[in-house]
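Trainee: Following is a predicted model, sequence given first.
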Amino acid sequence: MPAERTRLPGFVFGAFCAVMFGFAVGAVWMVPSMMFGRALPALVLPAGWILGVVVRRWLRFRGAAGALLAASATLIAAAYTACLVAAANISGMMGVGLAQAMADAGPAMLIDLAGLAQGPGDIVLALAGAALAALVAWPLRARGRHAH
């Protein structure tokens, strides 16, 4: 683990980056959801894999901290996508643009609507995606040691 990640400012910056990557993956996840006109909760599995790789290789967090950050980023991506799907539904029903629907509804209403739309299967898939992200972020073997 790099020295700058063991200090508090490095960890806080890395956590901030992981959250932003979670939002970015959630926004990209929204594109196929809009194309198909419905939420696609199974995409949490590739999203979790991607976020696990990002945390381990780009942000260089490994071990428990990396697993926690990757799982958290995956859950943020799933929640953000659910909010965006709720906003898209409002947009379609009211005949207004997506940005206008998000502004009119507000964050609290979008979070409530997203929560109402989640079934038990969606929650299980989100937890499975978070677990996959944690496993990908956790190294399986020591890096840098190869048998000669």
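Mentor: All right, it came through fine. Please read these numbers as outputs of a predicted model, since none were measured by experiment.

Trainee: Which stretches in the protein count as helices?
Mentor: For the chain, helices defined by DSSP state H occupy the ranges 3-6, 8-36, 44-53, 63-94, 98-117, 120-137.

Trainee: Okay, buried residues for the third one please.
Mentor: Which is helix 44-53. Using 16 or more other Cβ atoms under 10 Å as the test for burial, helix 44-53 gives V44, L45, A47, G48, W49, I50, L51, G52. No exception for glycine: its C-beta is placed from N, CA and C like everyone else's.

Trainee: Also the second one?
Mentor: Residues 10, 14-15, 17-18, 21-22, 24-26, 29-30, 33 are the ones in helix 8-36 that count as buried (16+ other Cβ under 10 Å).

Trainee: Redo the residues you listed as JSON lines? Include pLDDT.
Mentor: Listed next are the buried residues of helix 8-36 as JSON lines, based on pLDDT from 0 to 100:
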{"residue": "G10", "pLDDT": "84"}
{"residue": "G14", "pLDDT": "90"}
{"residue": "A15", "pLDDT": "93"}
{"residue": "C17", "pLDDT": "94"}
{"residue": "A18", "pLDDT": "94"}
{"residue": "F21", "pLDDT": "97"}
{"residue": "G22", "pLDDT": "97"}
{"residue": "A24", "pLDDT": "97"}
{"residue": "V25", "pLDDT": "97"}
{"residue": "G26", "pLDDT": "96"}
{"residue": "W29", "pLDDT": "95"}
{"residue": "M30", "pLDDT": "94"}
{"residue": "S33", "pLDDT": "91"}
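
Trainee: Quick one: those as a markdown table, columns for distance to A101 too.
Mentor: Below are the buried residues of helix 8-36 laid out as a markdown table (distance: Cβ to Cβ, whole Å):
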| residue | distance to A101 |
| --- | --- |
| G10 | 38 |
| G14 | 33 |
| A15 | 30 |
| C17 | 29 |
| A18 | 28 |
| F21 | 25 |
| G22 | 22 |
| A24 | 21 |
| V25 | 22 |
| G26 | 17 |
| W29 | 18 |
| M30 | 13 |
| S33 | 15 |
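
Trainee: in this structure, which segments are predicted with low confidence?
Mentor: Applying pLDDT under 70 to the chain flags the ranges 1-6, 141-148.
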